[in-house]
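K.L.:
Return atomic coordinates for the entry below.
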Amino acid sequence: MFEIGNSLREARVRRGLDFNQAEVATKIRGKYLRALEDEQFEMLPAETYVKGFLRTYAEYLGLDGQLYVDEYNSRFVSDEYSEARARRSAARPQRRNRRIETNVVLVALATIVILTVIVISAWKASGGGNAPAVKATPPAATRPKSVPPLFLVTAVRGTTHLTARRNNARGNVAFDGTIAKGDPARAIRGHRLWVQIDTPENLRIRVRGKLVHVPGHKPQVIIITPTGWRPA
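P.N.:
Numbering: from 1, shown residues only. Model (predicted):
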């Protein structure tokens with residue numbers, strides 16, 4: 001066991017870096033870097049961000065990022081996991097009650113359907129079935145197919161920090177954060193995107209629904225358009 005915050009602070013001081021320099025290089029806001037060094041992890045938006053920022057900051061300082069993530073998991077995540085399991089166990093009886101209510105509704109609907117079939121059959125047997133057939137109403141116009149998002153990204157391993165801006169490097173920020181394996185796919189819409197990816201090989205990328213491959217284990221900046229991607 002070692003002190004995460006003090007170790008990061010010592011590495012930064014040893015390299016003669018301040019928070020402004022680290023913020024520019026890691027794309028992580030200075031207040032979050034300071035929170036990591038003070039071990040005030042509750043100041044970060046979510047646990048996923050803590051792990052992603054911790055790995056990125058440690059590796060920027062020349063340290064083993066995975067070692068710091070493992071230390072964080074062993075000290076801060078286990079209790080939360082136990083509490084989550086307890087909450088899930090408490091919720092099981094409620095889900096069972098919902099299943100019972102659902103089964104009752106299904107039985108009632110089945111009964112209604114059977115009775116309806118019996119009534120219709122009796123009506124046809126009494127001569128009502130000789131009425132002229134009613135022409136079926138033509139179906140309503142089919143709903144147009146939805147257009148897939150311009151940029152759809154999913155983490156397939158580890159964590160990767162990603163920044164996406166609309167049109168160019170100075171455009172409005174469409175997304176700025178860390179994507180980790182297990183997170184839901186991140187969809188970003190637009191006509192043209194400027195994207196910076198720390199570790200492209202960790203991601204599965206689709207452009208307008210088509211799978212594309214952006215190679216590389218180092219940060220890369222690319223341009224996304226409806227026809228594909230290219231280096232910036």
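
K.L.:
how close does residue 66 get to residue 159?
P.N.:
Counting by C-beta to C-beta, to the nearest Å, the gap from residue 66 to residue 159 is 10 Å. Every C-beta, even on glycine, is put in place using the N, C-alpha and C of the backbone.

K.L.:
What strand or helix carries residue 162?
P.N.:
strand 159-166 (DSSP states H and E).

K.L.:
Stretch 178-191: which residues count as buried?
P.N.:
178, 179, 180, 186, 188, 190 (16 or more other C-beta atoms under 10 Å).

K.L.:
Now the two most distant members of the residues you listed.
P.N.:
180 and 190 (23.3 Å; C-beta to C-beta).

K.L.:
Can I get the buried residues of stretch 178-191 in JSON lines including distance to residue 119?
P.N.:
Listed next are the buried residues of stretch 178-191 as JSON lines, based on distance: C-beta to C-beta, whole Å:
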{"residue": "178", "distance to residue 119": "61"}
{"residue": "179", "distance to residue 119": "57"}
{"residue": "180", "distance to residue 119": "57"}
{"residue": "186", "distance to residue 119": "53"}
{"residue": "188", "distance to residue 119": "54"}
{"residue": "190", "distance to residue 119": "56"}
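
K.L.:
Of these, which is the nearest to residue 110?
P.N.:
Nearest member of the buried residues of stretch 178-191 to residue 110, counting by C-beta to C-beta, is residue 186, at 42.0 Å.

K.L.:
measure that closest one to residue 231 for me?
P.N.:
21 Å.

K.L.:
Could you do residue 99 as well?
P.N.:
Residue 99 is 53 Å from residue 231, by C-beta to C-beta.

K.L.:
looking at it, residue 200 is touching residue 220, isn't it?
P.N.:
Yes: with contact defined as C-beta atoms under 8 Å, residue 200 counts as touching residue 220 (5.4 Å).

K.L.:
Would you mind telling me which of these two has more residues around it?
P.N.:
Shown here are residue 200 and residue 220; by other C-beta atoms under 10 Å, residue 200 has more neighbours (20 against 17).

K.L.:
quick one: buried residues of the helix or strand residue 32 falls within?
P.N.:
Assigned by DSSP H and E, residue 32 belongs to helix 30-37. Within helix 30-37, the residues that count as buried by 16+ other C-beta under 10 Å are 32, 33, 34, 35, 36, 37.

K.L.:
want to throw those residues into a markdown table with distance to residue 3 and pLDDT?
P.N.:
Output for the buried residues of helix 30-37, formatted as a markdown table (distance: C-beta to C-beta, whole Å; pLDDT from 0 to 100):
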| residue | distance to residue 3 | pLDDT |
| --- | --- | --- |
| 32 | 18 | 95 |
| 33 | 16 | 96 |
| 34 | 15 | 95 |
| 35 | 15 | 95 |
| 36 | 12 | 95 |
| 37 | 10 | 96 |
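
K.L.:
Good, wrapping up.
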